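S.K.: With the input below, show me the fold.
(chains A and B, ligands or ions: 4)
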Number of protein chains: 2
Amino acid sequence: MTADAVRVPVSLGERSYDIVIGDGLLADAGSLFRAVLPKARAAIVTDVNLANRHLPALEKAFLAAGVEASAIVIPPGESSKSFEVFELVVDQMIGGRYERGDAVVALGGGVVGDLSGFVAGVVRRGMRFVQIPTSLLAQVDSSVGGKTGINVRHGKNLVGVFHQPDLVIADTGVLDTLSEREFRAGYAEVAKYGLIDDPDFFAFLEANWREVFAGGPARGHAIAVSCRSKAAIVARDERETGDRALLNLGHTFGHALEAATGYSSARLVHGEAIAIGMVLAHDFSVRMNLMGPEDAVRVRRHFETVGLPTRLDQVPGGLPDADGLMTLIAQDKKVARGALTFILSRGVGRSFIARDVPPEAVRHFLAGELGAA
Amino acid sequence: MTADAVRVPVSLGERSYDIVIGDGLLADAGSLFRAVLPKARAAIVTDVNLANRHLPALEKAFLAAGVEASAIVIPPGESSKSFEVFELVVDQMIGGRYERGDAVVALGGGVVGDLSGFVAGVVRRGMRFVQIPTSLLAQVDSSVGGKTGINVRHGKNLVGVFHQPDLVIADTGVLDTLSEREFRAGYAEVAKYGLIDDPDFFAFLEANWREVFAGGPARGHAIAVSCRSKAAIVARDERETGDRALLNLGHTFGHALEAATGYSSARLVHGEAIAIGMVLAHDFSVRMNLMGPEDAVRVRRHFETVGLPTRLDQVPGGLPDADGLMTLIAQDKKVARGALTFILSRGVGRSFIARDVPPEAVRHFLAGELGAA
Ligand SMILES: NC(=O)c1ccc[n+]([C@@H]2O[C@H](COP(=O)([O-])OP(=O)(O)OC[C@H]3O[C@@H](n4cnc5c(N)ncnc54)[C@H](O)[C@@H]3O)[C@@H](O)[C@H]2O)c1
Ligand SMILES: NC(=O)c1ccc[n+]([C@@H]2O[C@H](COP(=O)([O-])OP(=O)(O)OC[C@H]3O[C@@H](n4cnc5c(N)ncnc54)[C@H](O)[C@@H]3O)[C@@H](O)[C@H]2O)c1
Ligand SMILES: [Zn+2]
Ligand SMILES: [Zn+2]
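M.R.: Ligands and ions are numbered 1, 2, ... in the order given. This is a model prediction of the structure:
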């Protein structure tokens, strides 16, 4: 294994596992896999983009370690998180005679991870599962915590299971082939961990974001800190009944924006939506007299600096009015029985779960933001 | 609640729940539901046969207890355990705005229970779940233990999750509208609990089977003993990694027969298949010198007496030869890495898990049985 690899343990009792993070780790994937699953076969699920770029290296590593592997390649993009592709991959998994002790190996971004984790969770009522996240978002967010799922016509991620992986291998070097836009979108989730409860990390990012984008030790550090942060929250609340909601900072607004743009990644990708959402969450917190304006300005400025959108008028193609956005917010799955739960903040690194936020206050705030555009 | 209702606890830590058993319990379903899930809405899933017979009584009971309920009606029969019906019910569940805290309520046999348990397990990554089993098989077997799932073209129950119910309500009176053939098939699973590890219960059944078929206290007793027996095994081994395999007594042969008859219930229903399977398992145990012939004769005679099939030549439409049956056995999901695991017996109530049974011995035995036909 590369000398400088870092292990972040995710402590979930008998479902505990490690996230291994390092530059060039794909070459060690075979031995890492074998150490955790000595006898399992590997059913790799990946998308076309990864199949062309990194699948050969993974297959080579598996071959070298004597791991029997085959690959199922799905189309790239959010539309693969569908019943149709789900059924197709399940069918191939069973047709390939994979058993409970064998592993589904997700090589890809969050789409591949969410879909194949769901497959691993239900084939023979649960197979082993290994994540090899290849997008920044997947390395710091979607591959950690065991949430899996697909989309239905009523909304995103509404169908799935909690199914923890047995191992996560994050090769920070594979991010070099990720598009600048996708990297930046994933970076919004990295910054989120600073904003939730780690002001020092946010300050580190303000000072070192160029190095994180460029690659090398600063990138590895940022990913490790992010994983540690998510792992701690997940360990406290595996099934999202409490604290885990903090991870939704910026997401209630963000999801509404994604819905408003028809989940068209041409218009807005998830990280861009939540970048705007996090800025809105802080501005709204200022409006609610929860914090002074200085920290909200810091948040907005940092996202501007790295090239993320921060304002509603930056969403291409226009948006519905405040009432329209409120309807989308109410439809978001995080709304329980009519009460609005938001993640608000008392300052950088001081986020908290606010229950019973008055919908009227949110509507007024959004009307103002839209008017300002 | 009816005075003579019996509660069988299923002890699974924080996933523990009760099976409530009694004649006429459907009328109390509303208050039983409320006691466990004080604020949940109920999304009833049922099939056409039950919708005509028992759904009105359930809706009345829910109304009386102030439980908001609506019903999704699926076609009856095994073919509803499909991706297609699964997707349809999931879609209606989400369209109906049911949340995590709401309950899917399965009113029906094992088909309705398995399908809707899977739906409950994956909608919003897990909703509450209540089983109201209406077939004998469902009351003593499929509604207890948390296994859910659907069939795929490669085989039965290959896709699903473990998702424990919050409550099981077994109204022994609703079995009066079950067809004689379905009742008898379910009875095979009742007798199975005696054969696994309870010789006294098997003796009780030999003496009292007519009363069990007729209804009343003997039926309630047989169902309660069966549930207690399954609950104990499930509590020891929730995820079927060990002891729970005992529940597969007769099932390796039985599944092969179901596959050989194309899962056509016109030819063979599950309970008939495993009745033959249990007789074969005991006869094969005699052949393997594990037990003397007397107990095997007892098993065969009791099944004959109640009108269950016991011989391969009773399967309408003919069967493949021994090699063909062996292929089907090898395809059964309980086969791990080529080794044959069978549930064999040392006598009535003395079943055990036999690993590494020589396939050649099974093939010879089956060839003999087929030849004898
Ligand atoms: N399960 C969770 O907890 C969780 C958390 C956050 C997000 N998500 C989900 O994650 C998904 C978004 O993930 P994503 O942003 O990774 O999307 P994605 O998987 O679609 O990846 C984005 C694009 O980048 C490509 N790509 C990925 N890695 C690459 C690489 N190394 N080189 C070149 N191209 C590469 C992909 O092919 C794709 O076209 C959403 O569906 C979201 O719902 C899940
Ligand atoms: N999850 C488990 O642990 C488990 C265990 C054993 C079997 N199963 C599954 O259970 C299924 C078989 O269950 P089943 O035998 O109940 O089949 P089923 O649900 O198809 O019911 C049999 C028939 O009886 C009808 N019926 C049910 N209750 C009735 C009533 N009270 N009055 C009139 N008609 C009634 C049904 O409409 C159906 O036509 C199979 O799919 C099998 O795989 C699951
Ligand atoms: Zn996110
Ligand atoms: Zn059975």
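S.K.: Excluding sequence neighbours, find me the nearest residue to A:Ser135.
M.R.: A:Gly109 (3.6 Å; CB to CB, 6 or more residues apart in numbering or on different chains). Any C-beta I mention is one placed from the backbone N, CA and C, and that applies to glycine too.
S.K.: Oops, could you answer that again for A:Glu68 instead?
M.R.: A:Arg41 (4.6 Å).
S.K.: so how far is ligand 1 from the one you found?
M.R.: For A:Arg41, the distance to ligand 1 equals 24 Å [CB to the nearest ligand atom, to the nearest Å].
S.K.: wait, that residue sits on A:Tyr98?
M.R.: Yes - taking CB atoms under 8 Å as the definition, A:Arg41 is a contact partner of A:Tyr98 at 6.4 Å.
S.K.: Among the two, which residue is more densely surrounded?
M.R.: For A:Arg41 and A:Tyr98, the more surrounded residue by other CB atoms under 10 Å in any protein chain shown is A:Tyr98, and the numbers stand at 23 against 19.
S.K.: Next up, the contacts around that one.
M.R.: A:Arg41, A:Ala43, A:Val104, A:Val123, A:Met127 (CB atoms under 8 Å, 6 or more residues apart in numbering or on different chains).
S.K.: per-residue confidence averaged over the one helix or strand the second one maps to?
M.R.: Right, A:Ala43. Under the criterion of DSSP states H and E, A:Ala43 resides in strand A:42-47. Summarised as a single mean, pLDDT over strand A:42-47 is 98.
S.K.: partners of it in the sheet?
M.R.: strand A:69-74 (parallel), strand A:103-108 (parallel) (DSSP bridges).
S.K.: Distance from the chain centre to that strand, please.
M.R.: 19 Å (CA atoms, centre = their mean, to the nearest Å).
S.K.: same check, this time on stretch A:343-363
M.R.: 22 Å.
S.K.: That one vs chain B: in contact?
M.R.: No - Stretch A:343-363 stays clear of chain B (CB under 8 Å from any CB of the partner chain), getting no nearer than 15.1 Å.
S.K.: Show me which residues of that stretch are buried.
M.R.: A:343-345, A:347-352, A:354, A:357, A:362-363 (16 or more other CB atoms under 10 Å in any protein chain shown).
S.K.: Select the longest helix from chain A.
M.R.: Ranked by number of residues, the top helix in chain A under DSSP state H is helix A:217-236.
S.K.: which is the next helix or strand following it?
M.R.: Next along from helix A:217-236, by DSSP H and E: helix A:251-260.
S.K.: Name the residues that touch that next one?
M.R.: A:155-156, A:268, A:270, A:273-278, A:280-281, A:312, A:315, A:319-320, A:324-325, A:328-329, A:331-332, A:334, A:340-343.
S.K.: now stretch A:347-367
M.R.: Residues outside stretch A:347-367 that contact it (CB under 8 Å, 6+ apart): A:194-202, A:243, A:245-246, A:249, A:280, A:283-284, A:287-288, A:291-292, A:295, A:298-299, A:321-323, A:325-326, A:329-330, A:339-346.
S.K.: Kindly supply the PyMOL command isolating those of those residues that are buried.
M.R.: With 16+ other CB under 10 Å as the criterion, this PyMOL line picks the buried residues out of those:
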select buried, chain A and resi 194+195+196+197+198+201+202+245+246+249+280+283+284+287+288+291+295+298+299+322+325+326+329+340+341+342+343+344+345
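S.K.: all strands of the stretch 251-373 of chain A, in order?
M.R.: Under the criterion DSSP state E, counting those that start in this stretch, strands of the stretch 251-373 of chain A are mapped to A:342-345, A:351-354.
S.K.: Now do the contacts for the residue nearest to A:Glu68.
M.R.: A:Val67, A:Glu68, A:Ala69, A:Tyr98, A:Asp102, A:Ala103.
S.K.: what's the closest non-adjacent residue to A:Arg219?
M.R.: In space, A:Arg219 is closest to A:Val212, 5.0 Å off (CB to CB, 6+ apart).
S.K.: my guess is the one you found meets A:Leu205, correct?
M.R.: Yes - here A:Val212 reaches A:Leu205: they are 6.9 Å apart, a contact under CB under 8 Å.
S.K.: shared neighbours, these two?
M.R.: A:Val190, A:Ala222.
S.K.: Please name the nearest non-neighbouring residue to A:Leu249.
M.R.: A:Ile343 (4.3 Å).
S.K.: pLDDT score for the one you found?
M.R.: Looking at A:Ile343, the pLDDT reads 96.
S.K.: Next: A:Asp332.
M.R.: 68.
S.K.: now A:Val112
M.R.: The predicted local confidence for A:Val112 is 98.
S.K.: Contacts for stretch A:275-282, please.
M.R.: Stretch A:275-282 has contacts (CB under 8 Å, 6+ apart) with A:185, A:188, A:191-192, A:195, A:249-255, A:257, A:291, A:295-296, A:299-300, A:303, A:308-312, A:314-315, A:342-345, A:365, A:369.
S.K.: Does it reach ligand 1?
M.R.: No - Stretch A:275-282 stays clear of ligand 1 (CB under 6 Å from any ligand atom), getting no nearer than 13.1 Å.
S.K.: how about A:Phe303, what does it touch?
M.R.: A:Ala188, A:Ala191, A:Ala275, A:Met278, A:Val279, A:Pro309, A:Thr310.
S.K.: distance of it from ligand 1?
M.R.: Distance from A:Phe303 to ligand 1, by CB to the nearest ligand atom: 17 Å.
S.K.: Repeat that for A:Arg125.
M.R.: As judged by CB to the nearest ligand atom, A:Arg125 and ligand 1 stand 20 Å apart.
S.K.: Please save the CA atoms from the strand holding A:Ala43 in CSV.
M.R.: Below are the C-alpha coordinates for strand A:42-47, written out as CSV (Å, rounded to 0.1, in the frame of the first residue of the first chain):
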residue,chain,number,x,y,z
ALA,A,42,-16.1,-9.1,-7.1
ALA,A,43,-18.9,-7.8,-9.3
ILE,A,44,-17.7,-4.4,-10.4
VAL,A,45,-20.4,-1.9,-11.2
THR,A,46,-19.2,1.2,-13.1
ASP,A,47,-20.3,3.7,-15.6
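S.K.: what sits against A:Arg34?
M.R.: A:Ala65, A:Gly66, A:Val67.
S.K.: what do you get for A:Val212?
M.R.: A:Tyr187, A:Val190, A:Leu205, A:Ala218, A:Arg219, A:Ala222.
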